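Colleague: Here is a sequence together with a model predicted from it:
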Amino acid sequence: MDLAELIPIAIRTSVFLLVFALGLGANFEEALYLLRRPAQLLKSLLAMNIVMPVLAVMLVAAFDLHYALQVALIALALSPVPPILPKKQLKAGGSAYYTVGLLFSAALFTIVSIPLSVEIIGRIFDKPAYITPARVALIVSITVIAPLAAGILVRHFAPRFAERIARPVSLFATVALLVGVLPIVFAAWPAAVALVGNGTLAATAVFVVSGLAAGHVLGGPDPDDRVVLALATATRHPGVAMAVAHAAAPGEKLVLGAVLWHLIIGLIASAIYIAWRRRQADARPVEL
């Protein structure tokens, strides 16, 4: 087995362990939190599954963007919450119930929403594309549902053991993910550079910032929930996005570069947003 085969295995394993570590600190009540609150669930799905695809279609239709960027924006808009995002949301002050519940609910709804959305958007642009629910279910099961459920089960039956191993597992998974992702970033960099110009960076920035704004507005009155939904709406699952992109344009090699720009701009915009929210929280008067 060569390095090219080992890297995807390392990434899948590290993502599995990251979500497993999240599950070690969660419970089933948190996972089912949004499913028991239909109004909040509806607003969350509206931000992630309606606003973002509509925005992507508008950007593609309104501007003369590179075809790879068009495919990437739509694929990213259809993708769910990335499994590594909850760690950032919790550090930003997000509610554990909403964070875990949104990760679980978004993964479940993606199994139905992505195949349907891919078919609808393919018809809009007269470029038929199909992705099966089984393929989406496999990706989100491996990266979200299975590891989250496994971690919750370990915590349920062995809470002390779960508490003891959660941090080491998370640290190991984070390091393994960085080691696995760096070669992909270097490999994708020439494609990313090739896309610079013709509105690539501007369109990607509009996409990310609009996602933050939509999630912030639809997150409700609770400032912590707003942070969670803003980050979830702007940040998408790159693995699912690449699967959708491959279904829509299997021969387009620059899509990975477009996804890389989304990750870079997303990291910068999210950091600025989190800093702004923290300043607002520090300025908020303390209730006696």
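Modeller: Thanks, I have it. If you're wondering where the values come from, they're calculated on a predicted model, not measured in any experiment.
Colleague: Go through the strand or helix carrying residue 181 and flag the buried ones.
Modeller: Per DSSP states H and E, residue 181 falls inside helix 159-194. Buried residues in helix 159-194, defined by neighbour count with 16 or more other C-beta atoms under 10 Å: 162, 165-166, 169-170, 172-174, 176-177, 180-181, 188, 191-192. Bear in mind the C-beta positions are built from the backbone N, C-alpha and C, glycine included.
Colleague: Greatest separation within those residues: which pair is it?
Modeller: The span of the buried residues of helix 159-194, defined through C-beta to C-beta, is set by 162 and 191 at 40.8 Å.
Colleague: The nearest residue to residue 222 once chain neighbours are set aside: what's it in contact with?
Modeller: Excluding the flanking residues, the one nearest residue 222 by C-beta to C-beta, 6 or more residues apart in numbering is residue 95, at 7.4 Å. If you count contacts by C-beta atoms under 8 Å, 6 or more residues apart in numbering, residue 95 has them with 222, 224, 225, 228.
Colleague: Quick check: phi and psi at the third one.
Modeller: This means residue 225. phi -70, psi -30 (degrees, to the nearest 10).
Colleague: Rounded mean pLDDT for stretch 144-159, please.
Modeller: What stretch 144-159 shows for mean pLDDT is 94.
Colleague: And the helix or strand that contains residue 280, what's buried?
Modeller: Secondary structure from DSSP H and E places residue 280 in helix 255-283. Within helix 255-283, the residues scored as buried using 16+ other C-beta under 10 Å are 255-263, 265-266, 269-270, 273-274, 277.
Colleague: which among those residues gets closest to residue 137?
Modeller: Distances from residue 137 to the buried residues of helix 255-283, taken as C-beta to C-beta, are shortest for residue 259 (21.4 Å).
Colleague: wait, doesn't the closest one sit right on residue 239?
Modeller: No: using C-beta atoms under 8 Å, residue 259 is not in contact with residue 239, being 9.9 Å away.
Colleague: For this structure, which segments count as helices?
Modeller: Using DSSP state H, the helices of the chain run over 3-24, 28-31, 38-45, 52-62, 67-78, 85-91, 96-124, 133-140, 146-157, 159-194, 200-218, 223-234, 238-248, 255-283.
Colleague: The nearest residue to residue 88 once chain neighbours are set aside: what's it in contact with?
Modeller: Excluding the flanking residues, the one nearest residue 88 by C-beta to C-beta, 6+ apart is residue 231, at 6.4 Å. Residue 231 makes contacts with 85, 88, 89, 92, 94, 212, 215, 270, 273, 274, as judged by C-beta under 8 Å, 6+ apart.
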